[in-house]
Each structure stands twice: as C-alpha cells, then as structure tokens.
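Pasting a predicted model and its sequence here:
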Amino acid sequence: MGRDRKAVVSYPNTPGQQGPNPYDQTQLGPSAGGQYGAPGGQYGQPGYGAPGPGANYGGQYGAPYGQPAQGYPQGQQPQQAWGGGGGGLPPQTGSGRRKTILWITIGAAVLVVALVVTLVLVVTRDKGPGGSPQAAVQTYLEALAGGDAKKALSVMKTPPSEDLLTDEILKKQQDIAKITEIDVREPDTDTGTLAVVKATYRFGDRNADIDFRLNKSGDEWQIDDGAIALSVENLRIPQPTFFGVDISDETKIYVFPGPQDWGSANQNITAENSNGREFPLGPGAFSYVSLDAVLSPKGKSTVETAVNNYLTTCATSTQPRAATDKPGCSQSIFGAQAGTVRWTKPTDLSGLSYRLDYSDPSSVSVNGTVQWSATYVPTYSSSTSSTDTDYLSGKVDLSASTPTFDGS
C-alpha cells in the first residue's frame, strides 16, 4: 500500500540546542505492517508507548534498567512539554512571574503590618496608665506632680468621695511642696493580681520612700488607698475647711498625699496642725488629724477692737474706782476725790493673750495686764496723778454680729 509512515516524537532539547515546537508533533499512524507505531516490525513487536519486557520508563527503549537514555546526561530526565502526556503546567511568562512576585511582596507587607500592630497593642497594654504595676505608680506620681487629679484617679481604687480630689486643690498642694525626682522600681511582689512597688521621690524638701500596694482589676492595675481617709468628726474647729472648702457636714474626707491647709469658714478663726509641717508623703489607709483652733490675723484684730472699745468706755469713768460709774470696768486708784478723776486708756496691749476656748472655739479668752494713768484732785496729799496696772480677764464672743469684751 506504499511506504511505511514512521512515528516522529519530539523531546525537549538539551540546553543551548534549538528544537522543534512541542505543539508541532507528527501524529502517530498505523504502519504498513499493521503494527501501530512499530517501525517496519511485525505485529506483536513492542512499539513506542508500549514498552516490552525489560523496558525502562525514562530510558532508551530496550536499554537496561538504571541506564540513562541515549542523548541525555547522567541523572537528567527529558522534560515533558506542555500538552504532552502527564498534564504539566503551562510555562511562566515574564509577565506572570512579575505578578507572582508582586502578590508575594504584598502578602509579606500585610504580614509585617499585622505583626507591628500586634506588638504595639501588647506594648501599649503593658506600658499604659494601668497596664503594669510599675506603669500605674509612675502615672499616679506624675499626675500628682502635674496637678492632674483625673489622671491620678484613673489608676487608683475609687474612693467613697472625690469632693476634695480636684485639680484646684492638687495644684495648691504642689505649689506648697512639689513632687520631683520620681524613681519607680520593678515590683518587689507580683502575684498576678497583687503587687507591691517601691518608689522614691522628693516631696518639697523631704525625701519619700514609699511602698505602693496595688490590685489588678480586669486588665488594669489600681493603687490601693491612693486617696487618704481623714476623720474630721472631732476637729474642734468651728466651720472647718480644707483648702477653703467647707467640710462642716463631713465626718470623713478623702485627700491626695501632700500638704494640708486647714481653716475655718469663720474668718476670725484658723487652724494649726499639731504635726507642724508634717504631711503624708504617699498613699495610706488612714491618717490622724490633730488641729488647734487659733485666731486668724483678722480674728486677732477683731478681739483687739473689742478690748479697745471696752477700754474706751472704762476711760470715761470719773471715779477712783471705775466700776462705780462704769460697771464691768476694773481700774482704780487711791487718794482721789470722787468725780475728779480723768483716766487715760492703755495703748500698749502686748501684755494681753488671746486664746480660743477649748470647748467653744468661737469664744476667745483674754487675759493679761494693761497700764492705766489718771489725773485727779487728791483727798489728803499733794499728788495729782497716778498709774494703775490693771489685770484684765474676760471673753470676746466671735460669733456675735459685733463682738464685745465681757470682763469678769
């Protein structure tokens, strides 16, 4: 029927060798001898694609097992073209490779951003205002030093009352004694829910070395007793005030550590702390207050005015014994005719002392001496003048609309 048609199979070429297009393979067809793909052989002889006994896939047809196929270096296999047997992937073009690299780069960038955000969140949580015991104490002390009451309250256990935990009062405390040189150390104790942190700092001209106790509430650490409780039930101060705020109706108040300014809504009275310049340097569950009511400068002036008014009245007496015509007056002389005395009131009151009554601070006790002088007509001698050292003892009621001296 004519010449036999031989099968032509294309294999990829070795490097550097230009070969035929893998898509341009000649189709196999039956040979003249009836053997499909068998070159000039007889029926039953193995042809391409039908290996016989001893044949090796990947080697030359009929080559012993383990020997490379003819025309390929040792250890290399012929590469199968796309569209051939085995279903390989299409070759990557230059554009495809660039797109692959782009997507890999974008994915890597997204991963890096996610890691950075996670790290920031972790660091922020740990170093935020209450993220760790050390951070909570640092925030608290810096807030006190800066007069920021709200910030200090954010890292401490909420007190029963915040009436006196204000920026205004805190700034007044810092004006008297400033917190500086803050050094907060790592926790001495940290159980996960309880911690103790030591901090040192300067409070005005005093050194503070304080152990802060903290509890964890949720994810935040809070300072115990960041506000100090003060009992003010028995102050013995009329209309007591703390930094000018009236606390007459309070039995207990809560304040920040630091200087304390006590007083009275009664402008004639102020308060002195028996502890002098001492004040709490750090948080505490309770602090004892011991105050003494004393006259304010205005109060002293009020008392002196009342005494002067009393002396002015007594100086109008014309009797040797002033109480004769001026009840309550106590100066007197001897050897003067009745009705002839001219009294001159004392101007030096330095011999008098003023003391608020322990049981009634609105009442002021006045005690001491004053010097009177008088001229008169003598009864039996030639002397016409004399002096009298008069001892005064009485009280001035500061609660009166017009305080007066009442001699005893």
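That came through, no problem.

So for stretch 322-337, what gets flagged as buried?
Ala322, Lys326, Cys329, Ser330, Gln331, Ser332, Ile333, Ala336 (16 or more other C-beta atoms under 10 Å). Every residue, glycine included, has its C-beta placed from N, CA and C.

mind checking how far the closest residue to the last one other than its chain neighbours is from Tyr391?
Distances taken as C-beta to C-beta, 6 or more residues apart in numbering place Tyr376 nearest to Ala336, at 3.4 Å, with adjacent residues excluded. Computed with C-beta to C-beta, to the nearest Å, the distance linking Tyr376 and Tyr391 is 21 Å.

and Thr402, how many neighbours?
Using other C-beta atoms under 10 Å, Thr402 has 9 neighbouring residues.

What strand or helix carries it?
Here Thr402, judged by DSSP states H and E, is contained in no helix and no strand.

remind me which residues of this structure are low pLDDT?
Filtered on pLDDT under 70, the chain yields the residue ranges 1-99, 110-128, 285, 408.

now with 80?
Scanning the chain for pLDDT under 80 picks out the ranges 1-130, 275-277, 285-288, 358-359, 361, 408.

What is the end-to-end distance of stretch 277-287?
Start-to-end span of stretch 277-287 (C-alpha to C-alpha, to the nearest Å) is 15 Å.

residues touching the closest residue to Leu291 other than its chain neighbours, list them.
Spatial nearest neighbour of Leu291, excluding adjacent residues (C-beta to C-beta, 6+ apart): Ala271 at 4.5 Å. By C-beta atoms under 8 Å, 6 or more residues apart in numbering, the contact set of Ala271 is Leu235, Ile237, Pro240, Trp262, Gly263, Ser264, Leu291, Asp292, Ala293, Val294.

Three-state assignment for Ala271, please.
What DSSP: H, G, I helix; E, B strand; the rest coil gives for Ala271 is strand.

Identify the bridge partners of it.
Beta-bridge partners of Ala271, counted by DSSP bridges, are Ala293.

Would you mind measuring from it to Trp262?
For Ala271, the distance to Trp262 - C-beta to C-beta - is 4 Å.

Checking my notes, Val137 in a helix, right?
Yes. Membership of Val137 in a helix is supported by three-state DSSP.

mind listing what it touches?
Here Val137 is in contact with Val155, Val184, Val197, Ala199, Phe212, Leu214, Ile223 (C-beta under 8 Å, 6+ apart).

got a winner among those for most neighbours?
Leu214 (30 neighbours).

I figured Tyr254 hits Ile228, correct?
Yes. With contacts counted by C-beta atoms under 8 Å, Tyr254 reaches Ile228, the gap being 6.8 Å.

what about those two, which has more around it?
Higher neighbour count among Tyr254 and Ile228: Ile228, with 21 against 18, using other C-beta under 10 Å.
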